[in-house]
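**Q** Got a sequence here, can you build the structure:
(one chain, ligands or ions: 1)
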Amino acid sequence: MTDRGGIFAGDDPFEIVRSWMKEAEASEPNDPNAIALATADASGMPDVRMVLLKDVDGQGEDGSFVFYTNYDSAKGQQLAQNAQAAFVMHWKSLRRQIRVRGEVVREDGPQADAYYDSRALQSRLGAWASAQSRPLDSRTSLMTEVAKVGLRHGTAPSRPPFWGGFRIRPTQIEFWADGAFRLHDRFVWTRNTQSKWAIQRLCP
Ligand SMILES: Cc1cc2nc3c(=O)[nH]c(=O)nc-3n(C[C@H](O)[C@H](O)[C@H](O)COP(=O)(O)O)c2cc1C
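**A** Residues are numbered from 1 along each chain as shown. Model prediction:
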């Protein structure tokens, strides 16, 4: 690829993701790590919502992306039925987007424990108290539940068994940057499970 320079340069797509996210940290007003996460249920019906991308792990063919959530939530159930996901991050301040598609596995071990333990106590208790995506009578019932789990779990709650990470192992990553007169730059990196990344420039 002769004309892939500047912000698109490099042999490791995860390095490019990290470098764009670092730029976004400086320019976005909040949540530069927010992603719109798409999942689909067993029938193929899509769904999408924002989550925070907490880890960009590894490199080259071994890299992956991790977010955290409630395993019994709508997205958790959809991923149990169909372990594939896509996400997009878009930064208005940079006029850039990154799109990812891949296979999903649970990140349910020490890395999830460490992330859970790093969160504010109220957030840790909130994870216990909220039956995410299921019906709730009132805000008062939620706050009562938070108080109850506080009494039950104290100030050092362990990670709930129904809460943890999902790791996306990408088979496709696309980098997009705004160009003059809608002549944007797009580079798509694709790989099959065994193969190396192949890089292709796409028409905007
Ligand atoms: C900026 C932003 C970040 C969010 N981050 C998370 C997150 O990291 N994990 C999560 O479970 N929900 C997060 N949410 C809430 C989700 O968008 C969603 O409401 C919730 O996860 C339930 O989705 P579901 O019913 O499709 O499972 C976030 C919402 C916004 C707007």
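
**Q** Can you give me the distance of residue 189 to the ligand?
**A** 25 Å (Cβ to the nearest ligand atom, to the nearest Å). For glycine as for every other residue, the C-beta is placed from the backbone atoms N, C-alpha and C.

**Q** Just read off the phi/psi values of that residue.
**A** Taking degrees, to the nearest 10, you get phi -100, psi 130 for the backbone angles of residue 189.

**Q** what's around it, how many residues?
**A** 19 (other Cβ atoms under 10 Å).

**Q** Please name the bridge partners of the residue nearest in space to the middle of the chain.
**A** Residue closest to the mean C-alpha point of the chain, counted by Cα atoms, centre = their mean, is residue 53 at 3.7 Å. Beta bridges link residue 53 to residue 67 when assigned by DSSP bridges.

**Q** Report the beta-bridge partners for residue 190.
**A** Those that pair with residue 190 in a beta bridge, by DSSP bridges, are residue 172, residue 198.

**Q** That one contacts residue 197, correct?
**A** Yes. When contacts are counted by Cβ atoms under 8 Å, residue 190 is listed as touching residue 197 (7.2 Å).

**Q** Please see if stretch 93-112 touches the ligand.
**A** No. Interface with the ligand: stretch 93-112 contributes nothing (Cβ under 6 Å from any ligand atom), its closest point being 12.5 Å away.

**Q** now the helix or strand hosting residue 98: mean pLDDT?
**A** Using DSSP states H and E, residue 98 sits in strand 96-107. Summarised as a single mean, pLDDT over strand 96-107 is 98.

**Q** Against the ligand, how distant is the residue lying closest to residue 201 once chain neighbours are set aside?
**A** Leaving aside its chain neighbours, residue 201 sits nearest to residue 187 (5.6 Å; criterion: Cβ to Cβ, 6 or more residues apart in numbering). Separation of residue 187 from the ligand (Cβ to the nearest ligand atom): 26 Å.

**Q** on that earlier part again, model confidence score at the residue nearest to the centre of the chain, please.
**A** At residue 53, the model reports a pLDDT of 98.

**Q** Can you give me every residue that contacts it?
**A** Going by Cβ atoms under 8 Å, 6 or more residues apart in numbering, residue 53 touches 21, 33, 34, 35, 65, 66, 67, 87, 89.

**Q** quick one: low-confidence parts of this protein?
**A** Along the chain, the parts satisfying pLDDT under 70 run over 1-2, 193.

**Q** and it, which residues reach the ligand?
**A** 31, 34, 47, 49-52, 67-70, 73-75, 132-133.
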